[in-house]
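1. Fold the stuff below for me.
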Amino acid sequence: MNVGNQGEVGRWVQGLIIINISGFYESKYWRRLRKEVLKADKYECQVCKEKGFYTKANTVHHVNYVRLHPELALEKFYKNDDGVVKRNLISVCHLCHEVYCHPERMQKEKEEPLTVERW
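-> Residues are numbered from 1 along each chain as shown. Take a look at the predicted model:
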């Protein structure tokens, strides 16, 4: 596969997403790129760093979600609607990945009432 061809990569990733997205994250292409991004960021969480402190990064986050933009799944950068080049992959710690990158995962489950009465 020619990973430089965004259309072909997008179709490949889209196929994996339909079957099981973990196949993408286990691929040699993603593992290699993930390692490159972490190394380039010196294994530092970019969200924490922006706030003035340093935390070890152990996750690489897709700014453009893989499910919505499979054609960018293996791209370090992308152009926004104004043509400005921005980062698509950033190194983050686990906490920042959950809190800032995926806040929807942090929603509390609705607590069950202690009794049947709801007053």
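2. isn't residue 38 right next to residue 57, touching?
-> Yes: the pair residue 38 / residue 57 is scored as a contact, 6.1 Å apart, by C-beta atoms under 8 Å. (Glycine included, C-beta is placed from N, CA and C.)
3. Need the overlap of contacts for the two.
-> Counting by C-beta atoms under 8 Å, 6 or more residues apart in numbering, the shared contacts of residue 38 and residue 57 are residue 91.
4. Of those two, which one has the most company?
-> Legend: neighbour count by other C-beta atoms under 10 Å for residue 38 and residue 57, higher for residue 57 (25 against 18).
5. For that one, give me its contacts.
-> Contact analysis of residue 57 by C-beta under 8 Å, 6+ apart lists 38, 41, 43, 44, 45, 46, 91, 92, 93.
6. For it, give me phi and psi.
-> Main-chain dihedrals, residue 57, degrees, to the nearest 10: phi -90, psi 140.
7. Could you find the closest non-adjacent residue to it?
-> Take residue 57 and drop its neighbours on the chain: the residue closest to it by C-beta to C-beta, 6 or more residues apart in numbering is residue 91, 3.7 Å away.
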